[in-house]
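Chemist: have a look; sequence and predicted model below, questions after that.
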Amino acid sequence: AQRVTQPEKLLSVFKGAPVELKCNYSYSGSPELFWYVQYSRQRLQLLLRHISRESIKGFTADLNKGETSFHLKKPFAQEEDSAMYYCAPNKLIFGAGTRLAVHP
Amino acid sequence: NAGVTQTPKFQVLKTGQSMTLQCAQDMNHEYMSWYRQDPGMGLRLIHYSVGAGITDQGEVPNGYNVSRSTTEDFPLRLLSAAPSQTSVYFCASSNTGGRAFFGQGTRLTVV
């Protein structure tokens, strides 16, 4: 079975604080691993994907195969980072999402 | 480049009515999928298609039908709307190994 768990429904931090949005997956085969973001009143869009090993808007995500995790991190949160974040182990399956609220 | 286009953006239905949510993509993507987004539930997969003429059920298929007669279009049909189908619906498309592109969503209310 393919499952993805985002244990936090809401993550509330102050501007400038570090952020870590957790994602754990169980997947048969090689997961592709994506993070998507949905800003208020906008459609979902890709934030980053594992295969690219990129940093987008200061966010990074590292695959830990031993822990089957793909946590999203940013060292200094900004107010404009407030959004819903979804972890996806492939192009079809998405987690329940974590709402990040960054306060001034 | 339009990407993924969903229509309508908003819809109110009475219980028992039927309707079709439209989804079209112009990127020649093989995969297309429909999701419903409910508070605290994330994106739940309703139906998906891996190519024209091929469809399969996702996590929550009951009450919905789909067809994929062309690569571009993937309509979602509600046969007899129920209040439990009040939700925001998203269509997405992608290529093998690629990321998903999403439509802007359809907010459906069933009264």
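Modeler: Looks like it came in fine.
Chemist: how about the strands in the chain?
Modeler: Picked chain A for this. For chain A, the strands defined by DSSP state E cover A:3-5, A:10-14, A:19-21, A:24-26, A:34-38, A:45-49, A:60-64, A:69-74, A:83-88, A:98-103.
Chemist: I was thinking of chain B, sorry if that wasn't clear
Modeler: All strands of chain B, identified by DSSP E, fall at B:4-7, B:10-13, B:19-25, B:31-38, B:42-51, B:54-57, B:64-66, B:76-78, B:87-94, B:101-102, B:106-110.
Chemist: how far out from the middle of the chain is the fourth one?
Modeler: Relative to its chain's centre, strand B:31-38 lies at 5 Å (CA atoms, centre = their mean, to the nearest Å).
Chemist: may I have that strand as CSV, with CA atoms only?
Modeler: Output of strand B:31-38 as CSV, limited to C-alpha atoms (Å, rounded to 0.1, in the frame of the first residue of the first chain):
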residue,chain,number,x,y,z
TYR,B,31,-2.0,11.0,-16.7
MET,B,32,-5.1,12.9,-15.5
SER,B,33,-6.7,12.7,-12.1
TRP,B,34,-9.5,14.1,-10.0
TYR,B,35,-9.3,15.0,-6.3
ARG,B,36,-11.6,16.3,-3.7
GLN,B,37,-10.2,18.6,-1.0
ASP,B,38,-11.9,18.7,2.3
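Chemist: how far off centre is stretch A:49-56?
Modeler: Worked out by CA atoms, centre = their mean, stretch A:49-56 lies 12 Å from the chain centre.
Chemist: test my guess that A:E54 contacts A:L48.
Modeler: Yes - A:E54 is in contact with A:L48 according to CB atoms under 8 Å; the separation is 5.4 Å. Any C-beta I mention is one placed from the backbone N, CA and C, and that applies to glycine too.
Chemist: which part of chain A gets nearest to chain B, residue-wise?
Modeler: A:A96 (3.4 Å; CB to the nearest CB).
Chemist: how about that residue, phi and psi?
Modeler: Torsion angles at A:A96 (phi, psi; degrees, to the nearest 10) stand at phi -70, psi -10.
Chemist: do you know the pLDDT at it?
Modeler: Predicted confidence (pLDDT) for A:A96: 91.
Chemist: in this structure it contacts B:G42, no?
Modeler: Yes - at 3.4 Å, A:A96 and B:G42 qualify as touching, with contact defined as CB under 8 Å.
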